[in-house]
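J.: What shape does this take:
(3 chains)
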Amino acid sequence: MMKCLEEGSLIKRVNYNSTGAIKNSMEHQSHITLPKGSIEKTTTTLNIGPTHPATHGVFQNIMEVDGERVVSTEQTVGYIHRAFEKLAERRPLYQITPITDRLNYCSSPINNMGWHITCERFLKLDLPKRVDYLRVIIMELARISDHLICNSIVGVDTGAYTGFLYVMQYRELIYEIYEEVCGSRLTTNIGRIGGFERNFTNTAFTKLEKFLNEYPKVLKEFESLFARNRIFMERTKGTGGISAERALNYGFTGPNLRAAGVDYDVRVQQPYSSYQDFDFKVPVGTTGDNYDRFLVRNAEMYESISIIKQAYQKIQEFKGTDAEVYHADVPEYYLPKKEDVYTKMEALIWHFKIIMGEIELPKGQIYSAVEGGNGELGFYLVSDGGRTPFRLHFRRPCFIYYQAFEELIKGGMLSDAVVTMSSLNLIAGELDA
Amino acid sequence: MALSNETIQNKLIEKFGDQVLNFSTASGILSFESSKEINLKVLQFLYEEPSLAFTFLTDLCGVNYPDNVGAELVVVYHLHNFSENIRLRYSVSTSINETAVFTASKLFESANWMERETYDFFGINFIGHPNLKRILNVDEMDYFPLRKEYPLEDQTRIDKDDEMFGRG
Amino acid sequence: MRPVRFNLNPKEAEISEAISMGKAPDGVPGDGFFATQLSSVVGLARKNSLWPLPFATSCCGIEFMATMASHYDLSRFGSERVGFSPRQCDLLMVMGTIAKKMAPVLRQVYLQMAEPRWVIAVGACASSGGIFDTYSVLQGIDQVIPVDVYVPGCPPRPEAIIDGFMKIQDLVGQESIRRRNSEKYSDLLNSYGIQ
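T.: Next up, the predicted model:
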C-alpha cells in the first residue's frame, strides 16, 4: 500500500547498506523532510535491542517487518566487547582463566576447564584419572546449568514463567556445589592448570548426592510442563528451522547442530578429560527447529545426569592415598604445597616463579576445543616463548551461529523470531568477547 | 582407507606443487601455508576433493607478527573433516601496507562475520566480502586495536593512574 | 515445593529472628491519626514500592536473575514488578559491563526516565570498569550518568545486591521532596551534560 506524503512531512532518516538491509540508524536520529510526491516504504523498520526484554543480552536486531512477517534483519553485536583477546596478551596463563569465565557466563566452569585443558595440551602435562573425573562432574553440572537457563527462558518467551522460577531453585543447588569447591557462584575461576585448587570436601559430595537424588524428578516435572504442551508445540514446531547442510555451512556446532541432525559432539570425536571412559548417548533432532532444540537440550540434561552418576561412582572407587589426589605433580605450573615451600629449595623457587609470573612458555601454536554449552568452544594459542601468549583467539560458538539468524527467521512471524532468538541460547559475553 | 596427514600433504603438493609450503605437525594438527593469491583455490580444493572433504570451517582469525617484514598479518583458517575426524590449519600472510586477501565467505557462510572480526581487529581487507565493516568495535574507531603497536588501555581515561599499575 | 536444605546441622528458626517491625517515621501519634512530615510519608511509600529497570548486560545480570528468583526474592522489598520501559521505572539498575558502544544507549535510557529517579551500579564493571581496563570498556558508568549507590563484586552475591537495594531504599526514604528542583541537583546534571 503506497501513498504520497505531503511536502514537509517528516520521516526518520534510514541508511541502507550494500545488501539493501537497513543500517544501524541509532546514532543518526536527525529527521529529514521529504520532497513532494515521495512514496512511503511498505515495510516497517523495527529495532529490537540492545536493551529489550526479549533479547537476553545486549545485541541488536534491526528488522524489516511487513505487518507481522519478517522480511529481513540485520544484527549488530559488539555492545559488550571487552577485548578479551587483547587482554590475554598481557596476562600469564593462569591469569587468563578469569577472563574465560566471562565468555559463556552461564556455564563458566566449562570455559575454565577448556582453557586448562588447552594449556595442559600445550605444555604436555598428564593428569591423574581422579582429576579428570572431578573435572567431568563439574563440566556436566555446568552444562545442566546452561541448558536449564536456555530451556526455561524459551518457556518465558512463550509466556510460561513458572518453569523458569521452578528450576532456578535447582540452579541455586548447583551454585552451592561450585561454592564448596572454589568459593564463587557464577564466575567460578575453578580449577588450576594441573587440577583443582583443593580437594572436594565431603559437603560437596553430600550436596552432589542430594542434587542427583532430587533433580531428575524436577526435570521430569519441568519437561511435562512443556514437551507435550499443545501451546508450546504450536509455538515452537516448524519455526526457526534450518537444514543440516546450511547449518554446517554456517558453522553451527553443539545442540543447535545436533537438533538439525548432525551428531557432532567434541566429547565423542576428540575426547578430553577421560570422556572416553563414560557411556552416554548424543541426542539428535531432525528438523532443527525450536522444538527440536528444546528437546535436544532436555535430553542432554538427562545424559549429563547419567555421566555425573558414573563419574561419582568411579571416584568412590579410589581408595587410600589415591582418593586424595586432586592435581597433577607439576611444580612448574601448579603451586607447590606451603609446607614444601617453607622447607625445600626447589619448591620455593617454583613458588616464586609462578607468583611473579616468570614461567616461560614453550614456542608453538595449538588449537584445542571442548564441548561448551553452545557448541565447540575452541582456543587458538600462539606463543613465541614469552611469559604471556603472543596471540590467543577464542572460537566462540555463539558468534558463529548468530550469523544464521536472518535465514532462520526470514518469512516467519515476529513472535517466532523472539522465540528463535532465545532458543539459540545467545549469550552476549560469548558473542562479543 | 582412513585419511592421514601424509595423504593430505601429498595431495596438496600434487595439486599445488611448491606453492604450498611449511608443512608441520608440531602443533598436533597438520598445518601449512601458502601465498595469499591462491587461498581460495586451496580452500576450494580442500572442500570439493571427495577424499579430502574439509567442508567445515571451524575458525578464521588473524595474527600480527610485527617482526616479519613483508608478512606482518597472517590469516589462519582452521578446517575440519567430520567423517574422518581430521583437523587442518592453513595460513596465508599479507603485508601490513597492502592487506588484501580474497574472502572465503562465498564458500563458507560462517566466514562472513569471522572476516569482519579479523578486519575489525587487524585491518585485513577481504576482497569480495559482502559487508566488510566493523563488527565488535564502535564504527567511528579509526585504528585496528589488536595490532601489536597499539596499547590495551584507553589512553584518554583519567581515573586510572598508570604509575600505580606499573606501566607509567 | 519441596524444601531444599543443605545445612548439615540445622538450627530451629526462632520466629523473632525472622520478623522485624518497620520503623515509623518521626511524628506525633494520636488516636486515629499520625502527624509527620510530608516528605517522610512520601519517602516511605516510594521506598517500599520501587519499580526497577534491570539494565542487565552481562554476568551480573545472571546474578540479578538469581536475586529475582525465589531463593533470594527481591520482591520482598516491593519490587515485584520489574519494568523494561524507562518511562515507567524509578530505579535504573545497571548490571554488567558497559562498553563504549553501549554508553550512548545507557544515556538515552537514563534520559527517558522521569524524576525522581535513582541509579544503582551493580558490579565492578559498572562501578569502575572492573577487570576490563581496555580500550573498549567504559571505566564506570559515572562517566555518563550520575550514580547513587555502587555495589562492588564480580559478580556481587545476591545478598550484596539486596544490600545495595536497601541502601537505595534508605536514600529514597530520606530524600527531601524539594531535592529535584534544587540548584545543587541541576548543577549535578549539568556536569553530566544533561539539562
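
J.: buried stuff in stretch C:102-119?
T.: Buried positions in stretch C:102-119, judged by neighbour count with 16 or more other CB atoms under 10 Å in any protein chain shown: C:Met102, C:Ala103, C:Val105, C:Leu106, C:Arg107, C:Val109, C:Tyr110, C:Met113, C:Arg117, C:Trp118, C:Val119. (C-beta placed from N, C-alpha, C; glycine too.)

J.: just those now: which is nearest B:Asp154?
T.: For the buried residues of stretch C:102-119, the closest approach to B:Asp154 (CB to CB) belongs to C:Ala103, at 12.3 Å.

J.: my guess is that closest one contacts C:Leu138, does it?
T.: Yes: C:Ala103 is within contact range of C:Leu138, at 5.1 Å (criterion: CB atoms under 8 Å).

J.: For the two, list the residues in contact with both.
T.: Common neighbours of C:Ala103 and C:Leu138 (criterion: CB atoms under 8 Å, 6 or more residues apart in numbering or on different chains): C:Val144.

J.: Flag every residue of chain B that's near chain C.
T.: Residues of chain B lying near chain C by CB under 8 Å from any CB of the partner chain: B:136-138, B:145, B:150-154, B:157, B:159-160, B:165.

J.: just curious, which of the buried residues of stretch C:102-119 is nearest to chain A?
T.: Comparing the buried residues of stretch C:102-119 against chain A with CB to the nearest CB picks out C:Met102 as the nearest, at 4.5 Å.

J.: Please name the nearest non-neighbouring residue to the closest one.
T.: Once flanking residues are discounted, C:Met102 sits nearest to A:Tyr79: 4.5 Å by CB to CB, 6 or more residues apart in numbering or on different chains.

J.: my read: that neighbour touches A:His52, true?
T.: No: A:Tyr79 lies out of contact with A:His52 (CB under 8 Å); the separation is 11.7 Å.

J.: any idea which of the buried residues of stretch C:102-119 is closest to A:Leu348?
T.: Using CB to CB, C:Met102 comes nearest to A:Leu348 of the buried residues of stretch C:102-119, at 46.6 Å.

J.: which stretches of chain B have low pLDDT?
T.: Within chain B, the ranges that satisfy pLDDT under 70 run B:1-2, B:166-168.

J.: mind listing the strands for it?
T.: Per DSSP state E, chain B carries strands over the ranges B:20-24, B:30-35, B:56-64, B:73-81, B:86-94, B:100-102, B:125-127.

J.: remind me, longest helix of chain C?
T.: Across chain C, the longest stretch assigned as helix under DSSP state H is helix C:158-173.

J.: anything in it near chain A?
T.: No: judged by CB under 8 Å from any CB, helix C:158-173 stays clear of chain A, getting no closer than 8.6 Å.

J.: Repeat that for stretch C:53-65.
T.: Yes: using CB under 8 Å from any CB, stretch C:53-65 comes into contact with chain A via C:Phe55, C:Thr57, C:Ser58, C:Cys59, C:Gly61, C:Ile62, C:Glu63, C:Met65.

J.: Adding secondary structure and distance to A:Arg395, write those out as JSON lines.
T.: Below are those laid out as JSON lines (DSSP: H, G, I helix; E, B strand; the rest coil; distance: CB to CB, whole Å):
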{"residue": "C:Phe55", "secondary structure": "strand", "distance to A:Arg395": "29"}
{"residue": "C:Thr57", "secondary structure": "coil", "distance to A:Arg395": "23"}
{"residue": "C:Ser58", "secondary structure": "coil", "distance to A:Arg395": "20"}
{"residue": "C:Cys59", "secondary structure": "helix", "distance to A:Arg395": "21"}
{"residue": "C:Gly61", "secondary structure": "helix", "distance to A:Arg395": "24"}
{"residue": "C:Ile62", "secondary structure": "helix", "distance to A:Arg395": "23"}
{"residue": "C:Glu63", "secondary structure": "helix", "distance to A:Arg395": "27"}
{"residue": "C:Met65", "secondary structure": "helix", "distance to A:Arg395": "27"}
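
J.: Return the member of the residues you listed nearest to A:Asp101.
T.: Distances from A:Asp101 to the residues of stretch C:53-65 next to chain A, taken by CB to CB, are shortest for C:Cys59, at 7.8 Å.

J.: unless I'm mixing things up, that closest one is touching A:Leu103, no?
T.: No: counting by CB under 8 Å, C:Cys59 stays clear of A:Leu103, with 10.1 Å between them.

J.: Let me see the contact set for A:Tyr264.
T.: Contact partners of A:Tyr264, counting by CB under 8 Å, 6+ apart, are A:Thr253, A:Leu257, A:Arg258, B:Phe82.

J.: what do you get for A:Ile355?
T.: A:Ile355 makes contacts with A:Leu335, as judged by CB under 8 Å, 6+ apart.

J.: same deal with the one 10 residues further on?
T.: When the contact criterion is CB under 8 Å, 6+ apart, the partners of A:Gln365 are A:Tyr380, A:Leu381, A:Val382, A:Ser383, B:Ser27, B:Ser31, B:Arg89.

J.: try A:Met413
T.: By CB under 8 Å, 6+ apart, A:Met413 lies in contact with A:Glu68, A:Arg69, A:Val70, A:Thr239.

J.: secondary structure element for A:Tyr166?
T.: Assigned by DSSP states H and E, A:Tyr166 belongs to helix A:162-182.

J.: What count of nearby residues applies to the nearest residue to B:Ser24 once chain neighbours are set aside?
T.: Of all residues not flanking B:Ser24 in the chain, B:Ser31 sits nearest, at 5.8 Å (CB to CB, 6+ apart). Around B:Ser31 there are 21 other residues, counting by other CB atoms under 10 Å in any protein chain shown.

J.: what's the spacing between B:Ser31 and A:Leu148?
T.: According to CB to CB, to the nearest Å, B:Ser31 and A:Leu148 sit 39 Å apart.

J.: And B:Phe32, by the same measure?
T.: Counting by CB to CB, the gap between B:Phe32 and A:Leu148 amounts to 43 Å.

J.: next one: A:Val156
T.: The spacing between A:Val156 and A:Leu148, counted by CB to CB, is 12 Å.

J.: quick revisit: please indicate which of the residues of chain B next to chain C are buried?
T.: Among the residues of chain B next to chain C, those classed as buried by 16+ other CB under 10 Å are B:Leu136, B:Asn137, B:Val138, B:Pro145, B:Leu152, B:Glu153, B:Asp154, B:Arg157.

J.: and which of these is nearest chain A?
T.: Nearest to chain A out of these is B:Leu136 (CB to the nearest CB; 3.9 Å).

J.: wait, isn't that closest one in contact with A:Val77?
T.: Yes: if you go by CB under 8 Å, B:Leu136 and A:Val77 touch, sitting 6.7 Å apart.
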